[in-house]
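**Q** Could you look at this predicted model? Sequence included:
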Amino acid sequence: MHGRVKERTSEEKKAIIYKQQQAKLKAYTQGIDTIFSQRKLNECDENTLLLIAKLLSNNPDIYTLWNIRREILLNGGKQIKQEAVASELYLTEECLRTNPKSYSAWHHRCWVLDNCPEPDWQKEVDLCAKYLKLDERNFHCWDYRQFVVNRAKVSYEDELKFSTEKILQNFSNYSSWHYRSILYKTLSPKSDLFKEELDLVQNAAFTDPNDTSAWFYQRWLLGKCEIPLKVLLAFCNTNMAVVTLTKPTEKPPYFYINNSKTAMNFQPFDENAKCSNIWISSDIPSVINFDQDVVSIAIDNESLINLEYDINNKELKYAEKEPRPLGVSFSEEIRPILLEQLESCRGLLDLEPDSKWTLLTAALLLRGLGGDENNLKSIEMIDKLKEIDYLRKGYYNDLRSQWILNDHLNNVMKNGSLFDNITIDDQSITALYNIEYLLGSRNISVSSKIFYEKLVNKISKIKRTTIQYLGK
């Protein structure tokens, strides 16, 4: 009909869009070729900068163009000219409007301010505040803020205040919680500030129990105690030597025969691993007299640990006399605080009995506190989580398996030695953890088919270990 604009068909629209894309691609390719050609001929000038700016405004993630731009700006010197600073900062702002999370644009802004004669750091702090009003979770901007406040000499107290304001505006602001953890790199559990932080977490948790941000921050705040590097167990026979450690290390252990260091060519248990807590060697020196020589091991220049000769199995072996119980991950000094946090979780569960994050945190706290009763309750909570949060049932099964296996191994260490026969009679175990605790045993019996298959597959190279399946 007359007076009405003809609507294009979907095919016509596709053809027009394709034509426009091809035109842009052609212009982009020509621009890139021109810039590379000028750089090769050493003919870069103001026009080159303009062309680079045009291309970056549309696609700020071409880091090669940023590098060429920096070359031109330096022009063989150590700093860029002050008169070029404003235009460079404007370009980054333009690029960040195109992509607020462009790594290259944020990096260039850092570089410009670090390489100019008179940077205005306070202006950058104010700009960060402006950006974070628009997008409070932009972690690029939070990282940039950390960069500029250090140079602007913003006080520690002012930054804490800023972070608190952002959290109170939105408890779900994970970036702000994370930024807070950077400010509190060393925060003593004995300080009043530590308790204030836990109160802030509780306020967030009671406001929205299902939001993850505060729960993760609480887990970081409570902290993990540092596990010392020690030899957990070791054995050496005519076929192989195995050393397991309490935590991974890049350096293999050292072997000594009668106090003389001996090359053993230890390799990580998992091939191609850069660090490991299990080291294995098949290069056993023929000169070892197992029942007479003093054979020792050492890690990181620590004192020598002597291996004892087992006449029944004709091998040398060592086991840590008081190994750290598995699953104890919190430092002893914050145990009273863990109890307080557990009571808070219980209070919240009275109001929100199906809050998955509250249940998970309570289970983790019970595990951190330890004890048979707490461990049993933690398993019950995991079983409930499998029903409430069934989409993550696999995760809860793995966590449950780890805890049950920990309990079995802790009983072995409490009542005997890691070189004893081990029986793990629990068909619910579906994941393999803490293999370094299992390698000393010559006989391992398990009732879970899945666990049995994973165990056989993992330690088949340890020929001295026999694994028996108890199921039908």
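**A** Sure thing, it's come through. Remember, predicted model here, so these are calculated numbers, not experimental data.
**Q** okay, now the domains of the chain?
**A** 11-119, 231-319, 332-388, 404-469 (automatic domain parsing).
**Q** Check the separation of the first and last residues in the third one.
**A** Spelled out, that is domain 332-388. 32 Å (Cα to Cα, to the nearest Å).
**Q** how about Glu226, secondary structure?
**A** What DSSP: H, G, I helix; E, B strand; the rest coil gives for Glu226 is coil.
**Q** Distance check, it against Lys251.
**A** 18 Å (Cβ to Cβ, to the nearest Å). To be clear about C-beta, it is placed using only N, CA and C from the backbone, and glycine gets the same treatment.
**Q** Tabulate the domains of the chain (CSV), appending mean neighbour count.
**A** As requested, the domains of the chain are exported to CSV (neighbours: other Cβ atoms under 10 Å):
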stretch, mean neighbour count
domain 11-119, 14
domain 231-319, 16
domain 332-388, 17
domain 404-469, 17
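**Q** Format the CA atom coordinates belonging to stretch 94-107 as PDB.
**A** The C-alpha coordinates for stretch 94-107 follow below in PDB (Å, rounded to 0.1, in the frame of the first residue of the first chain):
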ATOM      1  CA  GLU A  94      36.300   5.300  25.100                       C
ATOM      2  CA  CYS A  95      37.500   1.700  24.800                       C
ATOM      3  CA  LEU A  96      36.100   0.800  28.200                       C
ATOM      4  CA  ARG A  97      32.700   2.100  27.100                       C
ATOM      5  CA  THR A  98      33.000  -0.400  24.300                       C
ATOM      6  CA  ASN A  99      34.100  -3.200  26.700                       C
ATOM      7  CA  PRO A 100      34.200  -2.300  30.400                       C
ATOM      8  CA  LYS A 101      36.200  -5.500  31.100                       C
ATOM      9  CA  SER A 102      38.900  -5.100  28.500                       C
ATOM     10  CA  TYR A 103      42.200  -6.300  30.000                       C
ATOM     11  CA  SER A 104      44.200  -4.400  27.400                       C
ATOM     12  CA  ALA A 105      42.500  -1.100  27.900                       C
ATOM     13  CA  TRP A 106      42.900  -1.200  31.700                       C
ATOM     14  CA  HIS A 107      46.500  -2.200  31.400                       C
END
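**Q** Make JSON lines out of the domains of the chain and add mean pLDDT and distance to Pro209.
**A** Formatted as JSON lines, the domains of the chain follow (pLDDT from 0 to 100; distance: least, Cβ to Cβ, whole Å):
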{"stretch": "domain 11-119", "mean pLDDT": "89", "distance to Pro209": "29"}
{"stretch": "domain 231-319", "mean pLDDT": "90", "distance to Pro209": "34"}
{"stretch": "domain 332-388", "mean pLDDT": "91", "distance to Pro209": "4"}
{"stretch": "domain 404-469", "mean pLDDT": "92", "distance to Pro209": "27"}
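**Q** Tell me which of those sits nearest to Val201.
**A** domain 332-388 (8.6 Å; Cβ to Cβ).
**Q** between the domains of the chain, which one is nearest to Phe206?
**A** For these, the distance to Phe206 is smallest for domain 332-388, at 6.1 Å, taking Cβ to Cβ.
**Q** roughly how far is the closest one from the heart of the chain?
**A** Distance of domain 332-388 from the chain centroid (Cα atoms, centre = their mean, to the nearest Å) equals 23 Å.
**Q** do stretch 297-316 as well
**A** Taking mean C-alpha positions (Cα atoms, centre = their mean), stretch 297-316 and its chain are 34 Å apart.
**Q** residues making contact with that stretch?
**A** With contact meaning Cβ atoms under 8 Å, 6 or more residues apart in numbering, stretch 297-316 is reached by 229-231, 234-238, 243, 245, 249, 251, 253-256, 259, 290-291, 294-296, 317-318, 442.
**Q** Just tell me which of the domains of the chain ends up closest to Arg180.
**A** domain 332-388 (17.6 Å).
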